[in-house]
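> Got a sequence here, can you model it:
(one chain, ligands or ions: 2)
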Amino acid sequence: MKLTPLASDSMGARAMCFLVETDDIRIVIDPAVALGPIRFGLPPHPRELARFEELQNRVFEEVRKADVTTISHYHFDHHDPEHPDIYQGKRMLIKHPLENINKSQTKRSKDFLKLIDGKPKSIEHADGQTFKFGDTKIEFSEAQAHGTNTKLGYVIQLAVTDGDMTFVHTSDVEGPSLDDQLDFILKQQPDVLACDGPMTYLMYKYGRAALERSINNLKRIIDETPVQHMLLDHHLCRDGKWREKMVDVIKHGEGNDCKVQSFAEYAGLDESLLESQRKILHEEEPDELGNPLK
Ligand SMILES: [Zn+2]
Ligand SMILES: [Zn+2]
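Numbers count the residues shown, from 1 in each chain. Ligands and ions are numbered 1, 2, ... in the order given. Take a look at the predicted model:
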């Protein structure tokens, strides 16, 4: 199995997009890229816009070559309604658009399915389902909370196994802080885990208790699974100090043969946490309109 992160927050834009290649199949998970509209009261810096385009092109290129695309939920950093043609001819495994879904995502999923109508080879609801492609198996979790509760709706996690190894992609669990999010990961026994880490950049929303639970859960994953690469990214990598906040997990990994890394680091790239640097970027490199402000 070959694993390639295609776009994520540690690579410069909001995303959690992964390419998984096995002998049987090419899968692109959550093919979409977005930018935080406002951070520190500021719009995206031109450098973020440029990176966004770069990452988006890379994602589209890989989707074109893929057999299967999966969509874990209907936020714009996980599905892309503006480029419906990328789904042409794909077998799509998607979060159920009507069950276990909040109001805003129900509307988005409806709009999205209308836009892509007739383009994919097939569209199947994936919640709690298992799909086989030769020796490759993709197993999805039931719908689980987006983060610490269901205010933002639900996501589905997935595990890909090819007989040699297992890869788990958590989607937006923001932690994981909850038991059913953790249980799916423990049950799958991943060798590589791509995990949406705790939302430390918005602690007033996320809360100390959730952070403590998430840190404990990440350590449990290191103790109770064969995981050798724990890739923490997405919400966590909107925080320029994510390594300090995750130092317990990183150290626990070091003592237990598990590298705790961002997607960028795993891919051998320099980390560029552009959203977390937005204020500094606007100060140091105001754009050509001299417009660093709102
Ligand atoms: Zn989301
Ligand atoms: Zn997301």
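
> pull the longest helix from the protein.
helix 46-65 (DSSP state H).

> Where do the helices of the protein begin and end?
When assigned using DSSP H, the helices of the chain occupy the ranges 46-65, 103-115, 179-188, 203-206, 208-224, 242-245, 247-254, 263-266, 278-284.

> What residues of the longest helix of the chain count as buried?
R47, E48, R51, F52, L55, Q56, R58, V59, F60, E62, V63 (16 or more other Cβ atoms under 10 Å). Every residue, glycine included, has its C-beta placed from N, CA and C.

> what's the spacing between the residue nearest to the fifth one when sequence neighbours are not counted and D162?
Nearest residue to L55 in three dimensions, chain neighbours excluded: A7, at 4.0 Å (Cβ to Cβ, 6 or more residues apart in numbering). With distances defined as Cβ to Cβ, to the nearest Å, the gap from A7 to D162 amounts to 23 Å.

> cool, and R91?
Applying Cβ to Cβ, the value for R91 to D162 is 17 Å.

> what residues does the lowest-mean-pLDDT helix or strand in the chain touch?
The weakest-scoring helix or strand in the chain, judged by mean pLDDT, DSSP states H and E, is helix 278-284 (a mean of 95). Identification of contacts with helix 278-284 by Cβ atoms under 8 Å, 6 or more residues apart in numbering yields G36, R39, F40, L42, P44, H45, R47, E48, L274, P292.

> Need the buried ones from the residues you listed selected in ChimeraX.
Of the contacts of helix 278-284, the buried ones go into a single ChimeraX selection, burial set by 16+ other Cβ under 10 Å:
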select :36,39,42,44,45,47,48,274,292
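
> out of the contacts of helix 278-284, who's nearest ligand 2?
Nearest to ligand 2 out of the contacts of helix 278-284 is G36 (Cβ to the ion; 10.7 Å).

> so what pLDDT did the nearest residue to the closest one once chain neighbours are set aside get?
Distances taken as Cβ to Cβ, 6+ apart put E275 closest to G36, at 5.1 Å, once the chain neighbours are dropped. Predicted confidence (pLDDT) for E275: 98.

> number of nearby residues for E275?
By the criterion of other Cβ atoms under 10 Å, E275 has 23 neighbours.

> surely it meets E48?
Yes. Between E275 and E48 a contact is recorded at 6.9 Å, counting by Cβ atoms under 8 Å.

> who touches both of these two?
Counting by Cβ under 8 Å, 6+ apart, the contacts common to E275 and E48 are A13, L35.

> From the contacts of helix 278-284, which land in strands?
Assignment to strands by DSSP state E places none of the contacts of helix 278-284 there.

> can you redo the contacts of helix 278-284 as JSON lines with distance to ligand 1?
Converted to JSON lines, the contacts of helix 278-284 look like this (distance: Cβ to the ion, whole Å):
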{"residue": "G36", "distance to ligand 1": "12"}
{"residue": "R39", "distance to ligand 1": "16"}
{"residue": "F40", "distance to ligand 1": "21"}
{"residue": "L42", "distance to ligand 1": "22"}
{"residue": "P44", "distance to ligand 1": "18"}
{"residue": "H45", "distance to ligand 1": "23"}
{"residue": "R47", "distance to ligand 1": "24"}
{"residue": "E48", "distance to ligand 1": "19"}
{"residue": "L274", "distance to ligand 1": "19"}
{"residue": "P292", "distance to ligand 1": "28"}
